[in-house]
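J.: Using only what follows, build the 3D model:
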Amino acid sequence: MKVKGIRHKLTVAILSVILFFGTFEVALRIIKFHVNQTNQYFKFASFYFVPDKSVPIELKDPYLFWSNYKHEYFRGRHHPLVKPKDTFRIICMGDSITQGWAPYNIKFNETYPYMLEELFHSNKMNNLEVINAGTGGYTSFQGLRFLKRDLLNYDPDLLIIWFGINDADNAILFIDKEQKMCNKTIKRLDAFLSHSKFYQLYQQVLFRLASCRWFDKKRVSGEDYCNNLREMANLAKKNNITPVFIIPFLRFGSEVLSYKEMKDYKKYAEIFNEFSNKGIIVVDLSLLFKGKEDLDSYFIDRCHLALKGNRLVSEDIYDILTGRGIISNTKKGY
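T.: Residues are numbered from 1 along each chain as shown. Okay, here's the model as predicted:
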């Protein structure tokens with residue numbers, strides 16, 4: 001009798017739990033509860049608190065965290081892995097500033113890499129190509145991994161490297177180098193349970209509680225940012241590639257300041273002084289916007305460029321590459 005009593009109580013308890021969660025699930029579906037779904041290791045502020053910026057499952061990458069859609073792995077034009085003969089190849093690395101910010105419909109032909117290539121072609125340098133390898137949300141940590149795993153295989157002659165905005169973004173739970181991948185079993189279970197509205201709510205509440213543990217950590221620290229860029233420069237030198245580094249900048253109302261001018265970003269800017277002293281090309285694009293009264297026509301927000309801003313940037317980079325003889329000195333005949 002005792003055994004039957006225990007079984008009866010256990011059955012009732014299990015059915016009660018199922019009924020409770022089942023009722024909760026139905027209620028959440030009735031009210032059309034929804035949250036953007038991301039995997040457990042994507043604990044980035046920009047991908048949790050900005051609407052429609054979660055990482056779709058088809059973009060998840062175990063090494064880079066996420067990547068671009070396959071048909072737009074490089075923004076705009078298809079580029080073969082094997083570089084065409086007698087072609088000078090420039091790869092522009094960076095985040096959504098380089099890629100062109102999709103939420104504001106910046107088309108691929110409105111990005112600075114596309115305009116830069118057009119400038120070369122209009123000046124009879126038709127054997128020169130510019131690849132837009134910018135990926136929204138990327139830090140220098142991801143950029144370095146991207147360079148090592150993929151971009152070096154494309155045999156670039158010159159790299160334009162522009163990271164920093166996301167590096168200095170606040171980290172939630174994990175900084176970039178602490179991000180961990182779930183094992184395959186946990187990943188599959190998480191993917192299965194994520195169809196449940198109750199599980200979505202549970203994850204969201206758990207995450208919100210955990211994210212209150214703020215330590216003012218950045219996704220990539222100033223020290224690590226400098227090390228990442230330093231390693232990019234070393235990889236470029238080792239592979240006979242010319243690197244060009246862009247100093248990040250931000251707009252504050254009527255002025256545009258580079259990281260070198262802002263107290264909170266001094267640690268990030270240290271690497272650019274080091275590069276300049278070593279003869280590595282460093283470009284301060286913030287100088288282009290000094291004294292301009294119509295900044296609204298150049299910027300979408302405090303960092304993303306509008307069509308006019310991208311055009312100005314492409315023209316300046318073109319002038320630097322050709323005016324200093326960087327292209328001709330790197331490979332003659334272009």
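J.: Centroid-nearest residue for this protein?
T.: In the chain, the residue lying closest to the centroid (CA atoms, centre = their mean) is Tyr138, at 1.8 Å.
J.: pLDDT value on that residue, please?
T.: pLDDT for Tyr138: 92.
J.: ok, now Asn183?
T.: Asn183 carries a pLDDT value of 61.
J.: circling back to that earlier point, gap between the closest residue to the residue nearest to the centre of the chain other than its chain neighbours and Asn132?
T.: Spatial nearest neighbour of Tyr138, excluding adjacent residues (CB to CB, 6 or more residues apart in numbering): Asp95 at 4.7 Å. In this view, the C-beta of every residue, glycine as well, is placed from N, C-alpha and C. As judged by CB to CB, to the nearest Å, Asp95 and Asn132 stand 12 Å apart.
J.: count of residues packed around Gly22?
T.: The tally of other residues near Gly22 (other CB atoms under 10 Å) stands at 12.
J.: same thing with Asp316?
T.: So Asp316, with other CB under 10 Å, has 18 neighbours.
J.: Same check on Ala236?
T.: When counting by other CB under 10 Å, one arrives at 21 neighbours for Ala236.
J.: Now do the buried residues in the helix or strand hosting it.
T.: Here Ala236 is covered by helix 222-238, with elements defined by DSSP states H and E. Neighbour counts using 16 or more other CB atoms under 10 Å place Gly222, Asp224, Tyr225, Cys226, Asn227, Asn228, Leu229, Arg230, Met232, Ala233, Leu235, Ala236 of helix 222-238 among the buried residues.
J.: closest to Leu189 among those residues?
T.: The nearest member of the buried residues of helix 222-238 to Leu189, counting by CB to CB, is Asp224 at 32.4 Å.
J.: Now do the strands in the protein.
T.: Secondary structure of the chain (DSSP state E): strands at 60-61, 65-66, 88-94, 128-134, 158-162, 242-246, 249-252, 255-258, 281-283.
J.: Tell me which other helices or strands the first one touches.
T.: Looking back up the chat, that one is strand 60-61. The helices and strands touching strand 60-61, judged by 3 or more CB pairs under 8 Å, 6 or more residues apart in numbering; DSSP states H and E, number zero.
J.: List the neighbouring strands of it plus their orientation.
T.: strand 65-66 (antiparallel) (DSSP bridges).
J.: for the fifth one, same thing?
T.: Under the criterion DSSP bridges, strand 158-162 sits next to strand 88-94 (parallel), strand 242-246 (parallel) in its sheet.
J.: can you tell me which of those comes nearest to Gln142?
T.: Of all the strands paired with strand 158-162, strand 88-94 sits nearest to Gln142, with 10.0 Å by CB to CB.
J.: Please give the number of neighbouring residues around the residue nearest to Tyr138.
T.: Residues within reach of Asp95, counting by other CB under 10 Å, total 25.
J.: Tell me the spacing between it and Ser297.
T.: Computed as CB to CB, the Asp95 to Ser297 distance reads 22 Å.
J.: next one: Asn170
T.: Asn170 sits 30 Å away from Ser297, going by CB to CB.
J.: Likewise for Gly253?
T.: From Gly253 across to Ser297, the span is 15 Å (CB to CB).
J.: what do you get for Gln179?
T.: 38 Å.
J.: Tell me which of those two has more neighbours.
T.: For Gln179 and Ser297, the more surrounded residue by other CB under 10 Å is Gln179, and the numbers stand at 18 against 11.
J.: Thanks again, I'm all set now.
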